[in-house]
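In: Mind folding the following:
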Amino acid sequence: MNRKNFLKTASIGALSASVLIAACGGDAPKTDANATTTPAAEPAAAEPTAAAADCNDISGLAEADVKQRETVMYVAKSTDAEKNCANCRFMQVGTQPNGCNGCQLFKGPVNPEGNCKSWFKKDA
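Out: Residues are numbered from 1 along each chain as shown. Okay, the predicted model is just below:
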């Protein structure tokens, strides 16, 4: 079984069994590559929202990948300030084009302010 199939199987099993598997996380709203272009603006609270506009484009994803995002109910803006991709253990910082973050459970860019129903708190 390859990694892609394993992750799909694991996420589907976790969702149906309500097992703790998550789809977000990260330490910072932007990567170091982006920080060098606008270092003073990075700490601003509004920056993740501006960055999110660049990291919400899923037009290049296959339909199956979009459906996987829908399966975990990923949204670009969390309704719970305590549960967002920035503090989820499965977020992959800076792994997507343009310095966007990614997720271990689905393809495509991830907004640090986002959330999904598989959120799992990152270890401190």
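In: Just the mean pLDDT for stretch 113-124, thanks.
Out: In this model, stretch 113-124 has an average pLDDT of 92.
In: buried set for it?
Out: Neighbour-count burial for stretch 113-124, with 16 or more other CB atoms under 10 Å as criterion, is recorded at E113, G114, N115, C116, S118, W119, F120, K122. (Glycine included, C-beta is placed from N, CA and C.)
In: just these now: which is nearest D65?
Out: C116 (14.1 Å; CB to CB).
In: so the closest one makes contact with T71?
Out: No. Under the criterion of CB atoms under 8 Å, C116 makes no contact with T71, lying 9.1 Å away.
In: Show me where the protein has its strands.
Out: 91-92, 102-103 (DSSP state E).
In: what is the rounded mean pLDDT of the last one?
Out: Read it as strand 102-103. Here strand 102-103 scores 95 as its mean pLDDT.
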